[in-house]
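> My questions are about this predicted structure, shown below with the sequence.
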Amino acid sequence: MKYSHYQFFSRCFSSLLITTVSMFMFIIIIGCDESDTLERTDDSGTLVVLNKTDYTAMIIDMSTREVLNTLPTGVAPHEAAISPSGSIAVASNYGEYDGDPGHTLTVINLQTGELDREIDLGEYTRPHGLAWFDDGEHLAVTAEGQQALIVLHMPTDEIVKVITTDQERSHIVQLSSDNTRAFVANIDYGTMSVIDLEAEEVIALVETDDGAEGIAISPDESELWITNRYANNISIVDLETYEVIETLDGGEFPIRANFTPDGKYVLAANMNGGDVSVFNAKDRTEVKRIDLEPDTDQNARPVGMLIIPGNRILVAGTQTDRLYIIDLDSFEIIDHIPTGAEPDGMAFTN
């Protein structure tokens with residue numbers, strides 16, 4: 001069959017068009033695969049979640065959301081902390097509120113995903129707050145029963161320092177970036193102890209308000225925000241003078257606080273309110289209130305919060321048995337992770 005010049009060029013153009021479209025679709029597919037890989041990489045890492053009522057620790061692969069293992073802990077584990085190397089996680093076994101006080105720490109080997117050991121703290125009871133030193137060998141632990149902060153040498157499980165706060169329910173602890181100071185919130189006395197870790201003494205006692213508990217330190221370490229759960233407010237403390245420079249109205253029973261990585265905002269979990277307050281750190285105004293269960297009448301009763309890569313924060317719903325993933329650009333809930341009963345303490349490592 002003979003073709004006219006028009007038919008010939010028409011067939012050539014059609015073939016070229018099909019080839020071009022095919023190549024374009026191939027590029028799109030490859031691009032999508034690369035994008036998905038980048039997204040999964042952003043999600044990569046290991047999350048440890050403590051379930052207070054189940055007495056368990058869940059190890060979760062964040063890239064797949066797969067529960068790699070669920071391990072037994074002591075009674076009512078409250079806080080979790082992962083060593084700087086990412087090799088081990090520690091859970092503080094607080095004990096039941098109306099039962100015997102806990103006196104142990106559960107150590108998890110994250111390389112094997114199995115239990116490593118249990119550390120018996122002896123006379124030091126109701127361990128709660130945990131903070132690793134940068135050397136990866138020492139761990140600060142609050143011992144509510146003895147109104148103290150203890151320091152453990154983890155390779156030997158030896159208590160090497162005991163620093164008395166003389167304050168009831170010394171609960172949460174945070175360390176300064178140079179590991180020379182510890183900040184301890186004391187719930188029942190409504191105070192914060194500032195501890196010189198080298199001198200092993202309290203160098204300042206800051207009166208905040210009733211139920212001082214959650215601690216958030218600004219990235220530049222110029223100020224500290226502390227949630228006062230009984231007073232329903234938040235105290236801002238100047239870290240040079242150790243004075244309260246401002247008090248903000250909070251939500252109902254504010255119990256935890258976190259700065260965003262850029263230092264622009266502070267988020268506070270309101271346990272009785274079932275929501276999270278978002279404050280502008282510079283002008284001290286509340287810019288948003290995030291309802292964790294907007295489509296139900298259920299109160300999530302949020303407690304634990306944890307910043308994770310990708311500019312997101314996890315919030316533990318102790319009554320909904322799941323974690324809420326909040327995007328820190330939009331301050332919207334973007335996903336959920338199911339847990340065991342009454343999740344609270346969390347820790348993350350890449």
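Looks like it arrived, so ask away.
> tell me the contacts of Leu306?
Leu306 is in contact with 258, 313-314, 346-348, counting by CB atoms under 8 Å, 6 or more residues apart in numbering. All C-beta atoms are positioned from the backbone trio N, CA, C, and that covers glycine.
> how about the residues you listed in a markdown table, adding secondary structure?
Output for the contacts of Leu306, formatted as a markdown table (DSSP: H, G, I helix; E, B strand; the rest coil):
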| residue | secondary structure |
| --- | --- |
| Asn258 | strand |
| Ile313 | strand |
| Leu314 | strand |
| Met346 | strand |
| Ala347 | strand |
| Phe348 | strand |
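> Switch those residues over to JSON lines; also include neighbour count and pLDDT.
Listed next are the contacts of Leu306 as JSON lines, based on neighbours: other CB atoms under 10 Å; pLDDT from 0 to 100:
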{"residue": "Asn258", "neighbour count": "23", "pLDDT": "98"}
{"residue": "Ile313", "neighbour count": "22", "pLDDT": "98"}
{"residue": "Leu314", "neighbour count": "22", "pLDDT": "98"}
{"residue": "Met346", "neighbour count": "24", "pLDDT": "98"}
{"residue": "Ala347", "neighbour count": "25", "pLDDT": "98"}
{"residue": "Phe348", "neighbour count": "20", "pLDDT": "98"}
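> So for Ala216, what's the nearest residue that isn't a sequence neighbour?
Once flanking residues are discounted, Ala216 sits nearest to Ala257: 3.8 Å by CB to CB, 6 or more residues apart in numbering.
> Just the residues contacting the helix or strand harbouring the one you found, thanks.
Using DSSP states H and E, Ala257 sits within strand 254-259. Outside strand 254-259, the residues within contact range by CB under 8 Å, 6+ apart are 213-219, 225-229, 232-234, 265-271, 277, 281, 302-307, 313.
> In it, which residues are buried?
For strand 254-259, the buried set under the neighbour-count rule, 16 or more other CB atoms under 10 Å, comprises 254-259.
> What helices and strands are in contact with the next helix or strand after that strand?
Proceeding N to C from strand 254-259, the next assigned helix or strand is strand 265-270, under DSSP H and E. Strand 265-270 sits against strand 212-217, strand 223-228, strand 254-259, strand 275-280, strand 302-308, with contacts defined as 3 or more CB pairs under 8 Å, 6 or more residues apart in numbering; DSSP states H and E.
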